[in-house]
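Asks: Provided below for reference: sequence and predicted model.
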Amino acid sequence: MTDSDCCRDGTTAPLSRLPWGTHACLIYQHRHDLIDTLVPYFQSGLEQNARCIWITAEPLQAGSARRVLARSVKDLDRRLERRQVEILDARDWYFREGTFSGIAAAENCIKNGLEAQEGGYEGLFITGNLSWLTAAEWDAFMGYEATINRSLKDNRINAVCAYPLGACGACELLEIASTHQTAVIRQNGAWRQIDTGETPASLEEQKKKALDQIEANIEQFATLADRIRHPLQVLMAMADLAENEQSDAIRQQARNIDAVVRQLDAGWAGSRAIREYLMNHDLAGALPAPVTEPGPCPRPGEYPGSRRSS
């Protein structure tokens, strides 16, 4: 653990190691809560050669934020001069002609993220303090948060939105949590980090597991259908040849088994359809080649119990 991972009390800073594409909310009570979390957050960004933007408001405005960051970042003036670090007031970022503009704020965020990479940085670390937010801007700002939550997953941008606990009721806290991937709050003197949604890393992991399972399903359906269908044909032929009192019972059981095989075919077709959808929407990446088809499959409307059956 490095110095940038620690708060003033020696505990681990909760925002110091975030995967790219993280949209987090910080629920703070005091000015020192902002210092304890955001200074290590920006130190971590600078260590990763990221561009850093600190959008400030009461109780820690631009001048104060610059002074506290300078205590930990010794060459801050040089970084400010070359605009690797930018510290500004919330009114200069979120407002256009005196009115909050979610479109302008979202454009600023994505544009600065792209410019950071074009300028040779690894990405963008950004935070905004929302102590200025009033009931009049609330709905519009939550819409902006939802947009940012979707957009960051595909960008090398980490964003932390800081909300004062005293200005939020239970409903507001739930709404804030729903538009962020993770929430950080200090409880009984200790920081707690709560995952409120899927992080980029977990999304990638789950997507890979899902694709692996789809491939396994396709292969299993094809193998099982063929392994059942072939001996079933032999069984039917033997019943026809024998033509005795057991032949009708054998044929009936064969029809029952054939119905199960058709369900396996349906499962195979469903897995293939999902696989093709993922490929068409560029969600699957490079998938293995499809396995051998198990033979003729009924159309979806012909499956037993299908909702598309007429």
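Replies: Thanks, I have it. Numbering: from 1, shown residues only.
Asks: CA only for contacts and neighbour counts going forward, please
Replies: Will do.
Asks: burial count for residue 39?
Replies: 26 (other CA atoms under 10 Å).
Asks: go on, residue 194?
Replies: 14.
Asks: so how far is the host helix or strand of it from its chain's centroid?
Replies: For residue 194, the host element (DSSP states H and E) is strand 190-195. Once both centres are worked out by CA atoms, centre = their mean, to the nearest Å, strand 190-195 turns out to sit 18 Å from its chain's centre.
Asks: Buried residues, it. List them.
Replies: Neighbour-count burial for strand 190-195, counted by 16 or more other CA atoms under 10 Å, picks out residue 191.
Asks: Which neighbours in the sheet does that strand have, and how are they oriented?
Replies: strand 182-187 (antiparallel) (DSSP bridges).
Asks: Just the mean pLDDT for the strand it pairs with, thanks.
Replies: Across strand 182-187, the average pLDDT comes to 90.
Asks: what mean pLDDT does the longest strand belonging to the chain have?
Replies: The longest strand of the chain (DSSP state E) is strand 157-164. Strand 157-164 comes out with an average pLDDT of 97.
Asks: partners of that strand in the sheet?
Replies: Here strand 157-164 has these sheet partners by DSSP bridges: strand 23-28 (parallel), strand 124-129 (parallel).
Asks: Looking at those strands, which is nearest to residue 257?
Replies: Of all the strands paired with strand 157-164, strand 23-28 sits nearest to residue 257, with 51.9 Å by CA to CA.
Asks: Tell me where the stretch 101-250 of the chain is predicted with low confidence.
Replies: The stretch 101-250 of the chain contains residues with pLDDT under 70 at 197-222, 224-226, 229-230.
Asks: which residues in it form helices?
Replies: Along the stretch 101-250 of the chain, counting by DSSP state H, counting those that start in this stretch, helices occupy 102-118, 135-151, 170-178, 200-242, 247-280.
Asks: Can you give the distance of the first one from its chain's centre?
Replies: Meaning helix 102-118. 19 Å.
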